[in-house]
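Q: build me a structure from this.
(2 chains)
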Amino acid sequence: MTFSLNKIQNTFIRHKFFLLAGLVILILSIAIVAQQAIRRAKPRYTPPPSSQQPVSNGKLDTTAPEVQLSKNALDLIKPKLPHNQTITTSTGTKVSYLAFVKTPDLYELHVAIIGIDFTTLKEDPKFPLTVQDFRDTASSLYDFLTSNGVNPSALYIIWADNFQNQKTAESWLNPSAEFPKVVKQNGKYIFEKQ
Amino acid sequence: MSLLDNLKKLKNLNPESQVAEFSKKAAKYLTLGVSAAFLTALAWANHLGKVALSGFKVGATAGGVGGAIWGGYIGIQVGIALAPYTFGISLIVAPPLGALIGFLGGATLLGIAGALIALGLDQGAAGLVSTGIGAGAGTIVGTYVAGSFISFAVGVCAATIFGCLLVPVAVISAPIIITGFAILGGLAGYVIGNYVIDPIVSRIEGIPIGSISTSGFWSGLGSTFTSLGSWFVNGLTSAGGSLLSSALSVGSNLLGMLSGGSTVAVGKIAAISVGTTVAAAATMTIINNGVLTPGKFATTQTDKSQNIIPPPGSAYLTVTKTATPSSLQNSDLPKTINFEVTLTAKSVKLINVTCEDLTTLVKSNGSTAPLTISPTPSCPSTIDANAQIKFNFTTQAQNTPDFQNASIINVFNVYYDIESLALGSCGAGSGFSNLLPNPIPPSVGAVSPTILNRLNSPGQVVPAAVYGAQKSGVACELLVGLDYVEASWYDDGSFISGRTLGMEIEPDVTSAADCTAYGGTWNSGCKFSSLQDTAYYAGDLIKVKMGYLGFGNRPPATFNEMVGAMSYYNGGGNHNCGRPVPYTGPCPSPPDPPIGIDDSYVMTHFDTAHETMYKIYCGQYTDADGVVHGIPCDPPKLFDRDGAATAAKEYYKAGAGPFP
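A: Prediction:
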């Protein structure tokens, strides 16, 4: 009994360093894998739809909590605006965007995107690619916002220069039943089948 | 009853009972002690705020899991060693108890380390980050040492019964050893962070501004920190829906600011603002110190994307500004910073002039504090045409921690009205001449002069354009030109699209907030009832189009910019080149000829080359998704009106009126 106990103990003692190192590596690996899984599992941010803002007596309801939240977020990012950035999207498209404020508009971040055509027809073979380019552009803007302490999910963001295009942009923003995730298949970008 | 009392009691027991009793007491006090330490550390992190608490959670999770596994492993050894003296109960109790103690101990120490790292990231403090990392590393080393001691005790226990008394001693000393190593590691990290990393970083930062590598270093470091911050954030958000995101990413923001990435907000209503930032960093950094001209804000900083926008009203007033010194080193503190501001009125008299100066200290942790300037600048209530006013004032950069690695931001605002605007004309000094070619080419076949009389008093188009120009900074004549094409200079048609005021929805207005901000009413779309509000919106929309052209959200400052912005304003669809029309004028090849040079909406009749232009779309339809599409003219149809640039030019050349 004593002999076998000693044997077990010695085994533990001899391999302790390797067990410890293995343990640390294991924990880090789990953390990294979990992190990646979380990132892939869901969209990171969902800005409130600007096309559905609360209205009272024909005017923006500035007392609504979501409106106040957006104002606070905009106030945080204002000192960093205008922000001009050019990115190469995951499809290889070069897109530039300018994030700015319109002086009297205290509640919204406006973005002028060069390289995305919101009137692209669904039948156009480049439609999924355009949607993906827009999503990548939004993601870049989110990175800018979060790196400056602003939660994009709190901010009304105007993506286009007219009401219809803004609604289109909001419908493209995150994968949905109508516009699912975009994947590359045989060199072409298509919507992932449901 | 204290641990010492219990030890005294043990003396009266036989060796076997002493081992059993001592082990029992050790386990009890160890569990209680580690639990108390964990709760105290948690309360400490919570007290420090969301950022620290978030870092604590991440560290505690990692440390807890690791500690539980390690503690369980040690528990197995201890359980086996003490089994003969505990009737085998230790075999059952020690492993889970070890796991629990390991969990709490690991969570406590790595939680503290995580909190320190998070705080460091948040505040851009390398010392705090390295202290946290050091503490974490010390914890791991200490765990190894303590584990070895326990293993040694277990080995001795196998040899002699009195040696078994060493097992609970080793177990109880484990947290002390581990904590000791954690403290040592933290101290080492603190020293490395403050006395090794900081000086190196500062030295690199000291490369003269304009060198991309200067901000590149900081940006790179900032990005790394951002990534770490992001890792923390996402991890925690997923774990508990925590809202700590913002705080963690501020760290990189601050780093960016140190490198000179500060932007000064410019563009008050009917005002000129000029920003200057002086940064006090470990070594020299110059941030935005430039001169405002009607065209643009020049800056010595070439590696930053932010441009200062020409402020509204720059057509009427020039502001130049300098700061001396324009850069500071921490070793220069204390220092008096001298600002000199020069206002120069252009060819119109400015009335109701007021000035304000906002000088702010942005500390290295991102917090701000107003700074006192002396003397306070006091503007005269009027500034005559072409007159010049100078202000000199100073502020003090103190030799205190608040000013170390900080930025001093100065914004000078000037608010004014333009006397000539009351006359109902755009005014001779509107700056529109800067938007026309020199010499101004004569129009060919222009038709807009025949309806100039619609602009006579009491017509509202020109006063509305004046208002829109004042508010947006876009030249008044440009707005008049837009209104010609959109609404034929009738008072009931919107500047934005020509739609009837109060009746039709403006499709260009993007949201209720946008609509409300400009005085419109929202009901499934935006309607305006005031012509001047549409002029203001149109002016700002021209600036938005400038953004789409890549010039930034600012008024056009050249002919090429104006032509491009006007073309985009109309959607750009009426460009003639590449279309099945016999247009013979120039085609765009940016920067010259510019985008829009072949757009009939803009250029028709502007000069000889643009005498004949064609309308491309003769109608439009809305598809099932609500998207509007143009219907091409078939066959091509002449555009028999003037382009917006042509109408603007004709109005400008005609003078203030009244028109026959």
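Q: distance between the ends of stretch B:577-594?
A: Its start and end residues considered, stretch B:577-594 measures 12 Å (Cα to Cα, to the nearest Å).
Q: hmm, it touching chain A?
A: No - on the criterion Cβ under 8 Å from any Cβ of the partner chain, stretch B:577-594 is out of touch with chain A, staying 12.5 Å away. Backbone N, C-alpha and C define where each C-beta goes, glycine included.
Q: other residues contacting that stretch?
A: For stretch B:577-594, contacts defined as Cβ atoms under 8 Å, 6 or more residues apart in numbering or on different chains pick out B:559-561, B:563-564, B:575-576, B:595-598, B:603, B:609-610, B:612-614, B:616, B:636.
Q: go again using 7 Å as the cut-off
A: With Cβ atoms under 7 Å, 6 or more residues apart in numbering or on different chains as the test, stretch B:577-594 has contacts from B:560, B:563-564, B:576, B:595, B:597-598, B:609-610, B:613-614, B:616, B:636.
Q: how far does stretch B:617-628 sit from its chain's centre?
A: Here the centre of stretch B:617-628 is set off from its chain's centre by 37 Å, with Cα atoms, centre = their mean, to the nearest Å.
Q: same question, stretch B:127-144
A: Relative to its chain's centre, stretch B:127-144 lies at 33 Å (Cα atoms, centre = their mean).
Q: next one: stretch B:171-185
A: That offset, for stretch B:171-185, works out to 43 Å (Cα atoms, centre = their mean).
Q: and that stretch, which residues are buried?
A: For stretch B:171-185, the buried set under the neighbour-count rule, 16 or more other Cβ atoms under 10 Å in any protein chain shown, comprises B:171-175, B:177-179, B:181-185.
Q: tabulate those (a markdown table), appending secondary structure.
A: Shown next, in a markdown table, are the buried residues of stretch B:171-185 (DSSP: H, G, I helix; E, B strand; the rest coil):
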| residue | secondary structure |
| --- | --- |
| B:V171 | helix |
| B:I172 | helix |
| B:S173 | helix |
| B:A174 | helix |
| B:P175 | helix |
| B:I177 | helix |
| B:I178 | helix |
| B:T179 | helix |
| B:F181 | helix |
| B:A182 | helix |
| B:I183 | helix |
| B:L184 | helix |
| B:G185 | helix |
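Q: and the one helix or strand A:N84 maps to, what does it pack against?
A: Taking DSSP states H and E as the criterion, the element that holds A:N84 is strand A:83-88. The contact analysis (3 or more Cβ pairs under 7 Å, 6 or more residues apart in numbering or on different chains; DSSP states H and E) places strand A:83-88 against strand A:94-100, helix A:127-147.
Q: quick revisit: with distance to B:G134 and pLDDT added, can I get the buried residues of stretch B:171-185 in a markdown table?
A: Shown next, in a markdown table, are the buried residues of stretch B:171-185 (distance: Cβ to Cβ, whole Å; pLDDT from 0 to 100):
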| residue | distance to B:G134 | pLDDT |
| --- | --- | --- |
| B:V171 | 26 | 80 |
| B:I172 | 25 | 77 |
| B:S173 | 22 | 82 |
| B:A174 | 20 | 84 |
| B:P175 | 18 | 82 |
| B:I177 | 16 | 87 |
| B:I178 | 14 | 87 |
| B:T179 | 14 | 86 |
| B:F181 | 10 | 88 |
| B:A182 | 8 | 87 |
| B:I183 | 9 | 88 |
| B:L184 | 8 | 89 |
| B:G185 | 4 | 87 |
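Q: kindly indicate which of those lies nearest chain A.
A: Using Cβ to the nearest Cβ, B:I178 is the member of the buried residues of stretch B:171-185 that lies nearest chain A, at 12.8 Å.
Q: I figured that closest one hits B:Y144, correct?
A: No - using Cβ atoms under 7 Å, B:I178 is not in contact with B:Y144, being 9.3 Å away.
Q: can you give the domain ranges for the chain?
A: Defaulting to chain A. A:2-38, A:42-191 (automatic domain parsing).
Q: if you could check chain B rather than the one you did, that'd help
A: B:14-205, B:214-257, B:261-420, B:424-654.
Q: does A:I113 count as helix, strand or coil?
A: strand.
Q: tell me, how many residues neighbour it?
A: 23 (other Cβ atoms under 10 Å in any protein chain shown).
Q: I'd like the distance from the strand holding A:N84 to the chain centre, please.
A: Distance, centroid of strand A:83-88 to centroid of chain: 15 Å (Cα atoms, centre = their mean).
Q: same deal with stretch A:163-183?
A: Taking mean C-alpha positions (Cα atoms, centre = their mean), stretch A:163-183 and its chain are 13 Å apart.
Q: buried residues, that stretch. List them.
A: Buried residues in stretch A:163-183, counted by 16+ other Cβ under 10 Å: A:163-175, A:179, A:181-182.
Q: again, but for stretch B:585-597
A: B:G585, B:P588, B:P593, B:P594, B:I595, B:G596, B:I597.
Q: looking at the residues you listed, which are in strands?
A: When strands are assigned by DSSP state E, not one member of these lies inside them.
Q: closest to B:I383 among those?
A: Distance to B:I383, by Cβ to Cβ, is smallest for B:P594 among the buried residues of stretch B:585-597, at 34.4 Å.
Q: once you drop chain neighbours, what's closest to B:L91?
A: Spatial nearest neighbour of B:L91, excluding adjacent residues (Cβ to Cβ, 6 or more residues apart in numbering or on different chains): B:G79 at 4.5 Å.
Q: distance of that neighbour from chain A?
A: To chain A, B:G79 is 10 Å away according to Cβ to the nearest Cβ, to the nearest Å.
Q: that residue contacts B:A94, correct?
A: Yes - look at B:G79 against B:A94 with Cβ under 7 Å: they come within range, at 3.3 Å.
Q: neighbour count winner among the two?
A: Just comparing B:G79 and B:A94: by other Cβ under 10 Å the higher neighbour count belongs to B:A94, 27 against 22.
Q: does that one count as helix, strand or coil?
A: helix.
Q: turn the domains of chain A into a markdown table, including mean pLDDT.
A: Listed next are those as a markdown table, based on pLDDT from 0 to 100:
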| stretch | mean pLDDT |
| --- | --- |
| domain A:2-38 | 61 |
| domain A:42-191 | 91 |
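Q: out of the ones you listed, deepest packed?
A: Of all those, domain A:42-191 has the most neighbours on average by mean count of other Cβ atoms under 10 Å in any protein chain shown, namely a mean of 18.
Q: so B:T108 sits against B:L39, correct?
A: No - shown here, B:T108 and B:L39 do not form a contact pair, counting by Cβ under 7 Å, at 8.9 Å.
Q: with neighbour numbers in mind, choose between these two.
A: Between B:T108 and B:L39, counted using other Cβ under 10 Å, B:T108 has the larger neighbour count: 30 against 12.
Q: quick check: which element contains that one?
A: Going by DSSP H and E, B:T108 is part of helix B:89-123.
Q: by contact count, what packs against the very next helix or strand once past that helix?
A: Next helix or strand after helix B:89-123 toward the C-terminus (DSSP H and E): helix B:126-159. For helix B:126-159, the elements it packs on are helix A:2-14, helix A:16-41, helix B:50-82, helix B:89-123, helix B:166-192, helix B:198-205, judged by 3+ Cβ pairs under 7 Å, 6+ apart.
Q: what comes up buried for helix B:126-159?
A: Here helix B:126-159 shows B:126-144, B:146-147, B:149-151, B:153-158 as buried, counting by 16+ other Cβ under 10 Å.
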